[in-house]
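> here you go, sequence then predicted model.
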Amino acid sequence: MVNSSVQTAGQSKRRSYSLSQRVSLWISERARRAAQFTLTQKNIYIFPSASGFGFAALLLLMLVTAINYQSSLVYMLTFLLGAIFFVSIWLCFLNLRGLQVESADSQGVFAGNAAFFRVRLLHAQQHVYGLQLAVRANGCVKASLEPGKVALVDVPVDLNKRGRYRSDRLLIETYYPFGLIRGWTWLKLDADCLIYPAPIAPPEDAYMGGEGASAASQQKGGDRDVLRGFQAGDTLARVHWKKFASGDQLVVRDQGFVMPERLWLKWEDFPEADAELRLSYLCDLVLSRQAAGEDFGLELPGRRISPHHGRKHASECLAALAEYGKPVSDPAVVSFELE
């Protein structure tokens with residue numbers, strides 16, 4: 001049986017394996033690691049499935065019956081079914097041959113949500129039927145392809161802790177066309193999965209940052225300006241005309257309460273929280289600053305990201321939070337483990 005495990009690269013376990021398990025390990029380990037593969041006769045493996053062995057046993061029984069009773073009809077039926085069995089071997093191989101498998105940039109997910117590795121599939125010339133992809137046991141996803149069309153497949157994996165994970169081995173298999181033959185391959189696809197900390201809104205009394213802005217105003221900062229009623233001496237340039245158009249009240253922007261345009265989110269802003277809770281607080285603030293369209297920077301022990309704005313900047317900050325305290329050069333490896 002095969003089940004999933006997450007190990008740090010370089011770790012190994014001394015265990016005794018059966019012959020079939022040793023063969024599976026040998027097949028999976030002999031492939032090189034790459035970001036793109038094309039399936040050929042060099043990396044496609046064909047073997048009868050459990051149903052295929054049962055079907056072969058039935059053919060043998062029918063052949064013995066035909067010999068015993070000298071029945072031409074049983075002979076014909078046996079040879080016909082035998083031909084179908086051998087043709088299914090060829091069709092199963094052709095279904096996989098020429099399939100292009102490539103790692104795709106996967107969007108990060110937050111801890112507690114379903115994690116996945118994203119894979120790009122393409123076959124330039126033919127339909128591909130009944131594919132099953134998996135990076136863990138009992139977690140396969142099915143896919144079919146049309147010729148010349150790219151399919152993005154999210155292969156699920158059981159992960160619930162923040163960090164960057166790498167797929168050690170990707171299993172692609174098919175039982176096309178009749179379920180009698182299993183065609184499969186093991187690929188060391190260079191695919192990553194990034195899991196961010198779960199965002200948690202910090203309580204107002206826990207947040208000490210903001211460069212002079214109050215915690216309450218930063219938490220509520222959908223607008224950068226605080227509005228108040230029009231007073232004598234206010235200039236027309238400060239009038240909020242959109243508010244006036246939507247109602248009859250004339251309001252102006254109070255420049256004394258303008259939200260800061262640049263905001264540093266710092267590790268030291270939450271002195272009372274533990275490390276994981278600080279990361280969750282900072283994750284929530286990054287999302288709120290991105291939603292408000294504000295410039296902000298991030299300071300972590302040993303890393304500093306300059307203030308900026310936009311989705312790319314927010315993704316960089318979230319990735320830094322996900323990888324905090326974990327060696328970037330040695331990501332955790334998601335692999336199959338035989339037992």
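Structure received. Residues are numbered from 1 along each chain as shown.

> show me what contacts the residue nearest to residue 99 when sequence neighbours are not counted?
Nearest residue to residue 99, sequence neighbours excluded (CB to CB, 6 or more residues apart in numbering): residue 39, at 4.5 Å. For the C-beta atoms, the positions are set from N, CA and C on the backbone; glycine is no exception. Taking CB atoms under 8 Å, 6 or more residues apart in numbering as the criterion, residue 39 is in contact with 96, 97, 98, 99, 100, 101, 172, 185.

> share the number of residues neighbouring the first one, please.
By the other CB atoms under 10 Å criterion, the neighbourhood of residue 96 contains 24 residues.

> what's the spacing between it and residue 122?
Distance check for residue 96 against residue 122: by CB to CB, to the nearest Å, it reads 13 Å.

> the second one now?
The gap separating residue 97 from residue 122 is 13 Å, by CB to CB.

> using the three-state scheme, assign residue 268.
Using DSSP: H, G, I helix; E, B strand; the rest coil, the secondary structure recorded for residue 268 is helix.

> count the neighbours of it for me.
Residue 268: 11 surrounding residues under other CB under 10 Å.

> show the pLDDT at it.
Per-residue confidence at residue 268 stands at 91 (pLDDT).

> any low-confidence regions in the stretch 201-339 of the chain?
When the per-residue scores of the stretch 201-339 of the chain are filtered using pLDDT under 70, the ranges that remain are 205-249, 251-262, 327-339.

> same thing but 90
Per-residue confidence of the stretch 201-339 of the chain (counting by pLDDT under 90) places the weak regions at 202-263, 269, 271-273, 292-295, 309, 325-339.

> now do the stretch 51-200 of the chain
Applying pLDDT under 90 to the stretch 51-200 of the chain flags residues 105-108, 112, 114, 135-140, 157-161, 166-170, 186, 188-192.

> please enumerate the helices of it.
Secondary structure of the stretch 51-200 of the chain, counting by DSSP state H, counting those that start in this stretch: helices at 72-96.

> mind listing what's buried in stretch 104-113?
For stretch 104-113, the neighbour count (16 or more other CB atoms under 10 Å) marks 106, 108, 109, 110, 111 as buried.

> list the contacts of the fourth one.
Read that as residue 110. By CB under 8 Å, 6+ apart, the contact list for residue 110 reads 195, 196, 197, 198, 199, 283.
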